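Visitor: Structure of the sequence below:
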Amino acid sequence: MKNKLTVLIVVISFLLVAGSVFGLDLVKPKTIKVDKNINDWTGTPPSQENTSCVSQSEFIWKDAKGDDTGNGKYYYPANQELARGADLLEFRVTYDAKNVYFLIKSTRPGVWWAPFKLIGIHKVGQKGGLSFFPQGDSDSLDATTGAFGELRVSDDLGLHCTIAIAGTYKGFIWDENGKLIARKIGEISDTKGFMVDDDKWTAIEVAVPIAIIGNPAGQTWKVIVGIGQEENGHLREVYEEGNEWHGGGGEGKDNEDGVDPDIYDLASPSQEIQEKELASYTDNGTPGDIASFACITESFVTIYFAK
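Guide: Here you go, the predicted structure:
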């Protein structure tokens, strides 16, 4: 009788744990309108910073305030209109039969240049994936080619989809081979269904058609979220010594376009881990050398989608 009771307790405990992992924490379908109004994102964020929850069919990550320090030394440009705005506050995800929806909240900058956001998606169990963030080439002023983001990922976080959001309405999407597969720049040639819009600059919501990003139902995604300052559709360079238009705390004066990442904040388990990862680049590495980029290994969120 005692053994049967023990088995029963173990089974009940397992079911409770399984219910928590596979039930309460699953993101279920929900439709969002990308329309400059985020009131349809109704979930309640977790009470603790640097933690996540699922509420009202939304995955919600609450990031720590004031951790927009990059490698631990980064600081903002002297111009007051650029003196803030790259502190990630919240990241949300949900989906329906047509789209995957994202919401990113951040501190508000001045009257210019809403922050630049990067979203890298690794689909657990899927092979391949890009080893770095494709984020544009500053020399050619082309926001669609190159690796100007200067950020790579560990082998187990290969990027199957990368989304870049510039300003308040522009967006680009690359596939696992680094090929540009969608864009939104306010022209007639924009990819149908790919939507980007802001709510008072402090929040950006995005809709990506499942035909582009893939159906997440029943999948587990590991998602890397980074935020920096924007310039001409790119991440604004961080210099060693900041000036009116560029922040400081990065590489030396002789290598201002080097391999230090231009990311001020990540969705990371802690500020210490974030700073360690963003400082993991090779000092004075050759510009464009992916092996010298800072490497993300722990700074990501894990999202479980319902079938």
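Visitor: contacts and neighbour counts: CA atoms only from here.
Guide: Noted.
Visitor: mean confidence score for stretch 272-279?
Guide: For stretch 272-279, the mean pLDDT works out to 98.
Visitor: what's in contact with it?
Guide: With C-alpha atoms under 8 Å, 6 or more residues apart in numbering as the test, stretch 272-279 has contacts from 69-72, 260-261, 263, 265-266, 268, 294-299.
Visitor: what about 7 Å?
Guide: For stretch 272-279, the surrounding residues in contact (C-alpha atoms under 7 Å, 6 or more residues apart in numbering) are Gly70, Asn71, Gly72, Pro261, Leu266, Ser268, Ala294, Cys295, Ile296, Ser299.
Visitor: The first one against Pro261, yeah?
Guide: No. The pair Gly70 and Pro261 fails to qualify as a contact (C-alpha atoms under 7 Å) at a distance of 8.2 Å.
Visitor: Determine how far the regular element (helix or strand) spanning Asp198 lies from the middle of the whole chain.
Guide: Secondary structure assignment for Asp198, by DSSP states H and E: strand 195-199. Mean-position distance between strand 195-199 and its chain equals 16 Å (C-alpha atoms, centre = their mean, to the nearest Å).
Visitor: same for the helix or strand just after that strand, what does it pack against?
Guide: For strand 195-199, the following helix or strand on the C-terminal side (DSSP H and E) is strand 203-209. Here strand 203-209 is seen to pack against strand 99-106, strand 195-199 when contacts are counted using 3 or more C-alpha pairs under 7 Å, 6 or more residues apart in numbering; DSSP states H and E.
Visitor: Next one: the spatially closest residue to Ser299 that is not a sequence neighbour, what pLDDT does it get?
Guide: Of all residues not flanking Ser299 in the chain, Ser268 sits nearest, at 4.1 Å (C-alpha to C-alpha, 6 or more residues apart in numbering). According to the prediction, Ser268 has pLDDT 98.
Visitor: burial of Ser268, as a residue count?
Guide: By other C-alpha atoms under 10 Å, the residues close to Ser268 number 24.
Visitor: Provide a list of residues in contact with it.
Guide: Ser268 touches Asn50, Gln274, Ser299, Phe300, counting by C-alpha under 7 Å, 6+ apart.
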